[in-house]
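**Student:** A structural model of the following input is requested.
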Amino acid sequence: MSLVAELLVNNRAIAVRYDGNLYFPTYSAFIPGTEFGLGYEYETNYRELKTHFESQPANWVLCHPCPTVPSRQTSS
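**Tutor:** Just a heads-up that it's a prediction; the model follows:
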């Protein structure tokens, strides 16, 4: 199970298509938001990116079935 856990639960996307290029964030180093046209240098928020791409059919984000990690805290 642990061998495929990162395919089921992860806060990084499995794959991103942006401007004709494919990225595999789960299996690569840190990718800043500026790489995908977002206005920040820190690691891309892939849920935000997916929403951003909704009006751009050529660009897409493939997320995990559970697109977060259990230790991530949410505000109440």
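
**Student:** what residues does the helix ranked longest in the chain touch?
**Tutor:** Across the chain, the helix with the greatest residue count (assigned by DSSP state H) is helix 46-52. The contact list for helix 46-52 (CB atoms under 8 Å, 6 or more residues apart in numbering) reads 11-13, 16, 25, 33, 36-38, 60-61, 63, 67. (Each C-beta comes from the backbone N, C-alpha and C, glycine too.)

**Student:** would you mark the buried spots in that helix?
**Tutor:** 46, 49-50, 52 (16 or more other CB atoms under 10 Å).

**Student:** chain center to it, what's the gap?
**Tutor:** With CA atoms, centre = their mean, to the nearest Å as the basis, helix 46-52 stands 7 Å off its chain's centre.

**Student:** CA-only coordinates of it in CSV, if you can.
**Tutor:** Extracted C-alpha coordinates of helix 46-52, given in CSV (Å, rounded to 0.1, in the frame of the first residue of the first chain):
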residue,chain,number,x,y,z
TYR,A,46,-2.5,22.8,-7.4
ARG,A,47,-6.1,23.1,-6.3
GLU,A,48,-5.9,26.8,-7.0
LEU,A,49,-4.2,26.1,-10.3
LYS,A,50,-7.0,23.7,-11.3
THR,A,51,-9.6,26.4,-10.7
HIS,A,52,-7.4,28.9,-12.6
